[in-house]
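Peer 1: mind looking at a prediction? Sequence and model below.
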Amino acid sequence: MFVSVAVPVPNLDLLTYAVADGVERPAIGARVLVPLGTRVVTGIVIDHVAEQGAARDVKFVQKVLDADAFVPAEVVGLARWTAEYYAAGVGDTIPALLPPMARGARVDAHKTQRIASITPAGLAALQSAGPKQREALELLAAAPDGIATAALAARGIAGSAISRLVKQGYLSVRTERLARDPFGVRPQAPAVPSDAENTGVRPLGGGAPTRTLTGEQQAAFDRLRALADARAFHVALLHGVTGSGKTELYLRLAVTTRDAGRCVLMLVPEIALTPAIAALFRDTFGDRVAIQHSGLSDGERHDQWHRIRRGDVDVVVGTRSAVFAPLEKLGLIVVDEEHDGSYKQEEIPRYNARDVAIVRAQRAQALIVLGSATPSIETYHHAMTGKYARVVLERRVLDRPLADVKIVDMREEYATEGPDVILSRPLRAALQDRLERREQSLVLLNRRGFATAVFCRQCAGTVDCPNCSVSLVVHGEGNARRARCHYCNYTARVPKTCPLCAGPYLDQQGIGTERVEAEVKALVPSARVARLDRDAIRRRGALASLLARFRAGEIDVLVGTQMIAKGHDFPQVTLVGVVSADVGLGLADFRSSERTFQLLTQVAGRAGRGDKPGEAIIQTLYPGHYSIQLACTQDYPTFYERELQFRRAMRYPPFVSLVNTVVRARAFSQAMDDAADLVQRVRDADVRGDFRVLGPAPPPLGKLRGEYRAQVLVKGTNRKRIRLALQAALAGRPDVQRRAVVDIDPLSVL
Ligand code: ADP
Ligand code: ZN
């Protein structure tokens, strides 16, 4: 009797182990301890096999850790598919499958708490009880899930009083494991209910939402609901402009799904979006919601994972890796902002959670809804060719107008205002105007730091990273000034003289969010200005508190990177300024137009979501570029047609499958030679002649973290054939394989 086991070791295929006679065969999804070389590691049983296959000297499973599947068999199958499709080892997916600390380490004993709840006898005794007892019974009568004894003690109801009530049969007390609460809003175990909760519009614990849908929402909901009721695999694109009320539809579909006895997986692109969405779902589903994302502590992740696994929740809200959540009986998956690049994992396994989610829905016979105001070209293409259902929301709820978008041609601005201008006259005026009217503004620049380069006026050189082929970015001002590499984090003092020619004339060039923040502060000194980018939120909890302060109106102007563009619903924002729309356009990447269009449309969509109309001001040096023009009119269909022409002419997805392979080496020549050998091997394997192999070529980031890189791009009509050819080519050169990364369906080829 044999089992195939995945072990958490990079690039390893499944390993075969024997199960000793007399030991029951472990279930698929169970954890086992297995010998590997000189070590013993924890693996997951992926399959049962009758024979030992080619492997000689098969070793024995040392210990079976779980009587049943630890990871649901369905998720094991999904991981297997993911590994194969993305050319990774099955073991590479294990970290995404398991809660932290489950890989053999001991899990700390849980804290417990005691929770009192009222009995029917207690309810009956309410009227006759004495004043002190009555106070306790009334509190508990209002809390159907009970109240923690600690919370009661805080209200002056002592343990002795509770014991007495228990003896009288009026209360029962249970002991619960104390789950750490990643929501950070309300303690997991019920505390004393607040008045706000008692009067909430949505009844707690499973009531249906009470808001009336708009006509358009209702029609969309009816179609999606019919697909959900079919209990069969369907993919639907929900193409709704920003502010059209997509979230409301997700929520209602979730209720329908739960009422039919099935579970819901809600994926969002950013950790920052989970608290708001999870809170919404909690209003409807009470405690039967879990969240999963990498921003939780190990303890929280552990708790959430086990709550899901035990079946304590109906809904999981999470980011990319939540696509592997241990849910069973899945009926609905929602991928919100499906076009978002954050769904792609840029390390092994390089999966796209949206695409894995589609496969998961297929295996579960579930409906999957892909929501976006700016769908990816691939998704829209599938919707237009009939592979996906297409459901459209063309208007904002309550017929709120879309933001009025203006383009500012920065060439004219430089001509009249000088070359150093950062905020154009229209943007300055609009910011001042909002401040006077006490309305909020967002200012976007998709580049971190203060200045993007240090430049020598004498030799024209820049101060570059010693490890990467990029220039260092200046962070901070005055004495706090540092030059930092955004790829490898190399940090140095900003030199006083040019490292190349020793000249003393160093200038800072290019601007980042820190500089914009300083400009806005200088322009409107009385404004409360804050910055939201990766640097500003390093401290745990900083992001949530920044968003909460902005939402509460404690910040007037929020400056930030694309993090401010995504999904947030801030009703008081009436102005969005884009300092430079051109940041992404210069990149030699086939998705640069698509990304620019999406970013501008999304960020403009943040304005005017409340009662007051919104305005967006976009600064650019290329006012005629189609992605900028069409973002202004928010004309997705025309953008799609333009972009599709380009993709067809250049043979890019969705017309071909794309696989990008990068070979790293200590020396540039070796990287190029190895990649050239790979090109030859792949060409030789192309018996049908339908591959187009490009390279070897140094990618724009030719050197990264001290290593040189060479790139091989393969286009073809059959993705699997490309993958197999590449895997065979690499198997023939194990030395190169160790230094090569294969990216299937890459989002970017930089
Ligand atoms: P989207 O996700 O499509 O950008 P949201 O779901 O965030 O849009 O909805 C935009 C705003 O409209 C939110 O504040 C939401 O609460 C509100 N909203 C949604 N549906 C309705 C409705 N039927 N009636 C009133 N307000 C609604
Ligand atoms: Zn670097």
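Peer 2: Right, received. Where do you want to start? Here the structure is a predicted model, which is why all the values come from computation and not from measurement. Residues are numbered from 1 along each chain as shown. Ligands and ions are numbered 1, 2, ... in the order given.

Peer 1: is stretch 585-603 anywhere near ligand 1?
Peer 2: No. Contact of stretch 585-603 with ligand 1 is not found when judged by Cβ under 6 Å from any ligand atom; the minimum separation is 9.3 Å. From N, CA and C alone the C-beta is placed, and that goes for glycine too.

Peer 1: buried residues, that stretch. List them.
Peer 2: Across stretch 585-603, burial judged by 16 or more other Cβ atoms under 10 Å covers 585, 589-603.

Peer 1: helices - which of the residues you listed land there?
Peer 2: 592-603 (DSSP state H).

Peer 1: pLDDT and distance to residue 386 added to those, as TSV?
Peer 2: Listed next are those as TSV, based on pLDDT from 0 to 100; distance: Cβ to Cβ, whole Å:
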residue	pLDDT	distance to residue 386
592	91	29
593	93	25
594	94	22
595	93	27
596	93	29
597	94	24
598	93	24
599	92	29
600	92	29
601	91	25
602	89	27
603	89	32
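
Peer 1: and which of these is nearest residue 412?
Peer 2: Closest approach to residue 412 among these (Cβ to Cβ): residue 600, at 19.5 Å.

Peer 1: right, and the closest one touches residue 631 too?
Peer 2: Yes. Counting by Cβ atoms under 8 Å, residue 600 touches residue 631, with 3.6 Å between them.

Peer 1: so what sits against both of those two?
Peer 2: Contact with both residue 600 and residue 631 is made by residues 581, 618, according to Cβ atoms under 8 Å, 6 or more residues apart in numbering.

Peer 1: the residue lying closest to residue 741 once chain neighbours are set aside: what secondary structure?
Peer 2: Among residues not flanking residue 741 along the chain, residue 662 sits closest, at 5.1 Å (Cβ to Cβ, 6 or more residues apart in numbering). Here residue 662 is strand, with the state taken from DSSP: H, G, I helix; E, B strand; the rest coil.

Peer 1: ok so, going back, nearest to residue 621, of the buried residues of stretch 585-603?
Peer 2: Top of the list for closeness to residue 621, among the buried residues of stretch 585-603 and by Cβ to Cβ, is residue 585 at 9.0 Å.

Peer 1: now do the contacts for that closest one.
Peer 2: Shown in contact with residue 585 (Cβ under 8 Å, 6+ apart): 592-593, 596, 622, 625, 627.

Peer 1: now, which of these sits nearest residue 419?
Peer 2: The shortest gap between residue 419 and any of the contacts of residue 585 belongs to residue 622, at 17.3 Å (Cβ to Cβ).

Peer 1: and the pLDDT for the closest one?
Peer 2: For residue 622, the pLDDT comes out at 92.

Peer 1: I'd guess it is in a helix, am I close?
Peer 2: No. Looking at residue 622 with three-state DSSP, it is coil, so not inside a helix.

Peer 1: excluding chain neighbours, what is closest to the one residue sitting closest to the centre of the chain?
Peer 2: The chain has residue 269 as the residue nearest its centroid, 3.0 Å off, counting by Cα atoms, centre = their mean. Spatial nearest neighbour of residue 269, excluding adjacent residues (Cβ to Cβ, 6+ apart): residue 340 at 3.7 Å.

Peer 1: of the contacts of residue 585, closest to residue 415?
Peer 2: Among the contacts of residue 585, residue 622 lies closest to residue 415 (Cβ to Cβ), at 15.8 Å.

Peer 1: what is the burial count for the closest one?
Peer 2: Applying other Cβ atoms under 10 Å, we find 18 other residues in the vicinity of residue 622.

Peer 1: from memory it sits against residue 582, does it?
Peer 2: Yes. Judged on Cβ under 8 Å, residue 622 makes contact with residue 582 at a distance of 6.0 Å.

Peer 1: and stretch 447-457, what's buried?
Peer 2: 447-456.

Peer 1: residue ranges in the protein under the pLDDT threshold?
Peer 2: Within the chain, the stretches with pLDDT under 70 are 52-56, 101-112, 120, 142-146, 176-210, 586.

Peer 1: counting by contacts, list what the helix ranked longest in it packs against.
Peer 2: In the chain, assigned by DSSP H, the helix with the most residues is helix 668-685. Here helix 668-685 touches strand 657-665, strand 692-697, strand 707-716, helix 719-731, helix 734-737, going by 3 or more Cβ pairs under 8 Å, 6 or more residues apart in numbering; DSSP states H and E.

Peer 1: could you check the angle it makes with strand 692-697?
Peer 2: Relative orientation of helix 668-685 and strand 692-697, computed by axes from the mean of the first three to the mean of the last three Cα atoms, to 10 degrees: 170 degrees.

Peer 1: if we ignore the residues flanking it in sequence, what's nearest residue 397?
Peer 2: Distance criterion Cβ to Cβ, 6+ apart; nearest residue to residue 397, sequence neighbours excluded, is residue 245 at 4.3 Å.

Peer 1: over to residue 750?
Peer 2: The shortest distance from residue 750 to any non-neighbouring residue, by Cβ to Cβ, 6+ apart, is to residue 700 (5.1 Å).

Peer 1: unless I'm mixing things up, that neighbour is touching residue 588, no?
Peer 2: Yes. Using Cβ under 8 Å, residue 700 is in contact with residue 588, at 5.5 Å.

Peer 1: which one of the residues in the stretch 1-150 of the chain is closest to ligand 2?
Peer 2: Closest to ligand 2 within the stretch 1-150 of the chain is residue 10: 23.1 Å, counting by Cβ to the ion.

Peer 1: wait, that residue sits on residue 91?
Peer 2: Yes. With contact defined as Cβ under 8 Å, residue 10 reaches residue 91; the gap is 7.1 Å.

Peer 1: looking at the two, which is more packed in?
Peer 2: Higher neighbour count among residue 10 and residue 91: residue 91, with 25 against 11, using other Cβ under 10 Å.

Peer 1: just to be sure, that one is in a strand?
Peer 2: No. Residue 91: not assigned to a strand; according to three-state DSSP it is helix.

Peer 1: that one contacts residue 4, doesn't it?
Peer 2: No. Residue 91 lies out of contact with residue 4 (Cβ under 8 Å); the separation is 11.3 Å.

Peer 1: can you pull out the helices in the stretch 251-400 of the chain?
Peer 2: Ranges of helices within the stretch 251-400 of the chain are 274-285, 298-310, 353-364, 377-384, based on DSSP state H, counting those that start in this stretch.

Peer 1: just put those in TSV and tack on mean neighbour count.
Peer 2: Below are those laid out as TSV (neighbours: other Cβ atoms under 10 Å):
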stretch	mean neighbour count
helix 274-285	22
helix 298-310	20
helix 353-364	22
helix 377-384	20
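
Peer 1: turn those into CSV, including distance to ligand 2.
Peer 2: Shown next, in CSV, are the helices of the stretch 251-400 of the chain (distance: least, Cβ to the ion, whole Å):
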stretch, distance to ligand 2
helix 274-285, 31
helix 298-310, 29
helix 353-364, 28
helix 377-384, 32
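
Peer 1: same list, those, but as JSON lines with distance to ligand 1 please.
Peer 2: Listed next are the helices of the stretch 251-400 of the chain as JSON lines, based on distance: least, Cβ to the nearest ligand atom, whole Å:
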{"stretch": "helix 274-285", "distance to ligand 1": "9"}
{"stretch": "helix 298-310", "distance to ligand 1": "24"}
{"stretch": "helix 353-364", "distance to ligand 1": "17"}
{"stretch": "helix 377-384", "distance to ligand 1": "16"}
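
Peer 1: can you tell me the closest non-neighbouring residue to residue 423?
Peer 2: Leaving aside its chain neighbours, residue 423 sits nearest to residue 519 (5.7 Å; criterion: Cβ to Cβ, 6+ apart).

Peer 1: do the same with residue 626
Peer 2: In this structure, residue 626 finds its nearest non-sequential neighbour in residue 642, 5.2 Å apart by Cβ to Cβ, 6+ apart.

Peer 1: from residue 505, how far off is that neighbour?
Peer 2: For residue 642, the distance to residue 505 (Cβ to Cβ, to the nearest Å) stands at 44 Å.
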